[in-house]
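Chemist: A structural model of the following input is requested.
(chains A and B)
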Amino acid sequence: MLNCINEPDGPEIIVCCGSGGVGKTTISAAIGLHGALSGKKTIVLTIDPAKRLADSLGLKRFDSDAQRVPVENLVAGDDSPIPDAGLYAMMLDAKHTFDQLISRYAPSELQKKIFKNRYYQHLSNNMAGSHEYMAMEKLYEIFNQNQYDLIVLDTPPSRRALDFLEAPQRMLNILGHNFFMRMFKPYLKAGRWGVRFLNIFASPVLKGVSKVLGKQALDDFAGFMQLWDDMMFEGFSRRATAVKELLAGNKTLFLAVSTPQRLPMDEAIFLSEKLLINEMPFGGFIINRVNFSDPNLETQGVNSDKVFAGTRIDPELRQKLISVHNNILKMAENDARSVKRLMDKTGSEKNVLQIPFADSEIVGLDDLYRLSRFF
Amino acid sequence: MSAKNTAKNTAKTTDEHLISGEKKASVAGSSVLEEPAAAWLDRLLSRRLVFVMGKGGVGKTTISIALASAAERMNKKVLLAEIGDTDSIGRLYGDKALTEVPRRLTQLIWGARVDPKAELEAYVRSHVTPGFIAGKIVRSRLFEYLFDATPGLKEVMSLGRLWRWEKEENSLARATYDLIIVDAPATGHAMSLLRLPDLLINMIRVGPVSNQIRGLQRLLKNRQKTSLVLVSLPEELPVNEAIEFYSMAENTLDMPVAATFINCVYPVVFSRINLQQIESIESSDPAFPLSALSRLIASARILTRRQSDQQKHIKEIYAKSTGHVQEIPFCFTNDLTINQIRELSSFN
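Modeler: Numbers count the residues shown, from 1 in each chain, chains lettered A, B, ... in the order given. You can find the predicted model right below:
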């Protein structure tokens, strides 16, 4: 399914979407490694890797520079190092990226004011969509630096996979529409920065709103909107449009990552449908942690007498062994059913890649390498 | 002094509930009902508000429903409130999406979705006069934008809804619901939800909103009335997040986690002696690894390996948790049914 990565005119951006907890970060890292080993200089943009995975990728917390992953430490079966085109990893941090943008674009006398504004603090840190928006910002920045052949983006852990696609637009709608400024501007009293405040009594609607929210809250908000409008908005909205075009273009591939559990599966299906409707390039499903039953295993009930004939295993242990075996088989059956449901719903078997449940937790480069062999 | 009194009162209420629970048990004659609930569960379900927190996909809805079922068995009237935009609860109770109007799901369990936007509209209409101005506000695009952009607005509206449900009374002036269980959004959002009253109190000092926020803050910080429970999985990331959450809950929110549920724990099947026996079979069976028996043993190995991976993480939870820790056995299914969740709700 991911053979296209190896090709010279393959995708330049791979976006891994999916619900939280399905192993998106691990899958993204493995795809990145696969890219680097196929001769593409690759960077993985990740959100919140588990500590040991972060360690193997050479990532440190609160450090948002690109780090080179020591792929040379990876040793193939025959003890020879595997050649790679360079694998890099970068941790995304919404607050940090936001602050960086303000430092870059806003005049220094305004920076402090912006950083202190409560709305800015909220926006950069908590607001639904800020992480997604910043991931997009970073993606666009790195794409335009033109230093990498492949960018793999691990998306933020949204409750709904689709938030990732919709949040940036939602946020721009909030920050960017002229309507909003038209609404506020007549009521902003002229003055230097910081002394502007809303003349709410000039508008019955604003008066009503302030009754509900409190006047101070409105003032803060208007203050931030003003700063934003004068300083930042132009650049932001231009980039947002460009990012959108980039993502919908033929250089990008979206993958839906899931586990066989019901909720993430439903999310993945929903996501793929949404992508198709919006004519976004969908590459397929990666189903992680699938329990497979060994083809040699009996799938029907075990004949106890036959199996234990000639052994001295006590009845209690016999019972336990059989029930555990049946449970293990049951997990494999459940997962097979779940994957079949996906294939039936999407009408395709070709774009579903199943990754078996790993025997041990995936923490090191070697583990990632084993995982990347499935692509 | 006053804290002591509150504690006493709560103890009394708990006793009353217990008595009525026993009465019901003797009538119904079910074996499940006759078992006295564990003290931790009893205490937890005697609160007014229980927030079920945790990372996405760990099973918050499962635990919320299980707690509601346990409370129902104690003869409590429960409201299951879902915040966020998934329909997990409705789906489990026969595919009916919940709305902001509580709907009866079982004998004693009601379900509702917290819809912050509907709340805000109702709020504007009740606080802004004359009515046509309120209508104008609600319909204006400015309102839409403010609703999305104002920090904490959604959260405060959601909390306001919970608060009013908590205060709701029936015609006999008794609380409509004995217990409100909140299936909270994923941790980050839930944190901003619970932090909100503290933040807002500094921003909005006067007016009707400010009074409400104070009331809300009192309800949330009252440990006899409100409890946080955390759901986690025995895996690295959820456990790390759980550990971070314990200190945030205690230090930032001043609402320590009362109970942790570790979901999907593989059962311990084999004793140490069993494992030794299995080992000796492996070394003595001449047909190994081709015999049918070897396949059973392979399965046993898979289970014990996964189990020992989980145990490392579970140990960490026990070491760092505040409050009770409850392990929830893995059910070997991808899609729990409501009956399976009810079975889990005995919490033994």
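Chemist: in the stretch 201-350 of chain A, which spans are helices?
Modeler: Using DSSP state H, counting those that start in this stretch, the helices of the stretch 201-350 of chain A run over A:204-213, A:215-231, A:233-248, A:262-277, A:304-308, A:315-346.
Chemist: same question, the stretch 101-250 of chain B
Modeler: Using DSSP H, counting those that start in this stretch, helices in the stretch 101-250 of chain B cover B:116-127, B:131-139, B:141-149, B:153-167, B:187-203, B:208-221, B:236-247.
Chemist: where among these is average confidence lowest?
Modeler: Looking over the helices of the stretch 101-250 of chain B, mean pLDDT reaches its minimum on helix B:141-149, with a mean of 65.
Chemist: I'd like the helices of the stretch 101-250 of chain B laid out as JSON lines, including distance to A:L255.
Modeler: (Glycine included, C-beta is placed from N, CA and C.) Output for the helices of the stretch 101-250 of chain B, formatted as JSON lines (distance: least, C-beta to C-beta, whole Å):
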{"stretch": "helix B:116-127", "distance to A:L255": "32"}
{"stretch": "helix B:131-139", "distance to A:L255": "41"}
{"stretch": "helix B:141-149", "distance to A:L255": "29"}
{"stretch": "helix B:153-167", "distance to A:L255": "31"}
{"stretch": "helix B:187-203", "distance to A:L255": "24"}
{"stretch": "helix B:208-221", "distance to A:L255": "41"}
{"stretch": "helix B:236-247", "distance to A:L255": "20"}
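Chemist: got those helices as JSON lines, with distance to chain A and mean neighbour count columns?
Modeler: What follows is the helices of the stretch 101-250 of chain B, written out as JSON lines (distance: least, C-beta to the nearest C-beta, whole Å; neighbours: other C-beta atoms under 10 Å in any protein chain shown):
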{"stretch": "helix B:116-127", "distance to chain A": "6", "mean neighbour count": "18"}
{"stretch": "helix B:131-139", "distance to chain A": "5", "mean neighbour count": "15"}
{"stretch": "helix B:141-149", "distance to chain A": "4", "mean neighbour count": "18"}
{"stretch": "helix B:153-167", "distance to chain A": "7", "mean neighbour count": "21"}
{"stretch": "helix B:187-203", "distance to chain A": "5", "mean neighbour count": "19"}
{"stretch": "helix B:208-221", "distance to chain A": "6", "mean neighbour count": "17"}
{"stretch": "helix B:236-247", "distance to chain A": "5", "mean neighbour count": "20"}
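Chemist: which stretch among those comes nearest A:Y120?
Modeler: helix B:141-149 (12.1 Å; C-beta to C-beta).
Chemist: just list the residues touching B:A118, thanks.
Modeler: B:A118 makes contacts with B:E100, as judged by C-beta atoms under 8 Å, 6 or more residues apart in numbering or on different chains.
Chemist: that one and B:L196, how far apart?
Modeler: Note on B:A118: its distance to B:L196, by C-beta to C-beta, to the nearest Å, is 18 Å.
Chemist: give me the number of residues near the nearest residue to A:G10 once chain neighbours are set aside?
Modeler: Nearest non-adjacent residue to A:G10, counting by C-beta to C-beta, 6 or more residues apart in numbering or on different chains: A:C4, 4.3 Å away. Using other C-beta atoms under 10 Å in any protein chain shown, A:C4 has 12 neighbouring residues.
Chemist: measure A:C4 to chain B for me?
Modeler: 29 Å (C-beta to the nearest C-beta, to the nearest Å).
Chemist: do the same with A:L153
Modeler: The gap separating A:L153 from chain B is 19 Å, by C-beta to the nearest C-beta.
Chemist: one more: A:M134?
Modeler: 14 Å.
Chemist: give me the contact list for the helix or strand hosting A:D55.
Modeler: Using DSSP states H and E, A:D55 sits within helix A:51-57. Applying C-beta under 8 Å, 6+ apart, the contact partners of helix A:51-57 are A:25-26, A:29, A:44, A:46, A:49, A:60-61, A:67, A:69, A:89, A:91, A:361-365, A:368, B:236, B:240.
Chemist: re the thing from before, B:L49 is nearest to which of the helices of the stretch 101-250 of chain B?
Modeler: helix B:153-167 (6.1 Å).
Chemist: what's the closest one packed up against?
Modeler: Contact partners of helix B:153-167 among helices and strands, from 3 or more C-beta pairs under 8 Å, 6 or more residues apart in numbering or on different chains; DSSP states H and E: strand B:78-83, strand B:109-114, helix B:116-127, helix B:141-149, strand B:179-183, helix B:187-203, helix B:208-221.
Chemist: apply 7 Å and report the result again.
Modeler: Helices and strands touching helix B:153-167, as assessed by 3 or more C-beta pairs under 7 Å, 6 or more residues apart in numbering or on different chains; DSSP states H and E, comprise strand B:78-83, strand B:109-114, helix B:116-127, strand B:179-183, helix B:187-203, helix B:208-221.
Chemist: report the distance from it to the chain centre.
Modeler: Centre-to-centre, helix B:153-167 and its host chain are 17 Å apart (C-alpha atoms, centre = their mean, to the nearest Å).
Chemist: what lies in contact with that helix?
Modeler: Helix B:153-167 is contacted from outside by B:48-49, B:79, B:81, B:83, B:114, B:116, B:119-120, B:123, B:147, B:177, B:180, B:182, B:192-193, B:196, B:200, B:212, B:215-216, B:219, using C-beta atoms under 7 Å, 6 or more residues apart in numbering or on different chains.
Chemist: rerun at 6 Å
Modeler: B:48, B:79, B:83, B:114, B:116, B:119-120, B:180, B:192-193, B:196, B:216 (C-beta atoms under 6 Å, 6 or more residues apart in numbering or on different chains).
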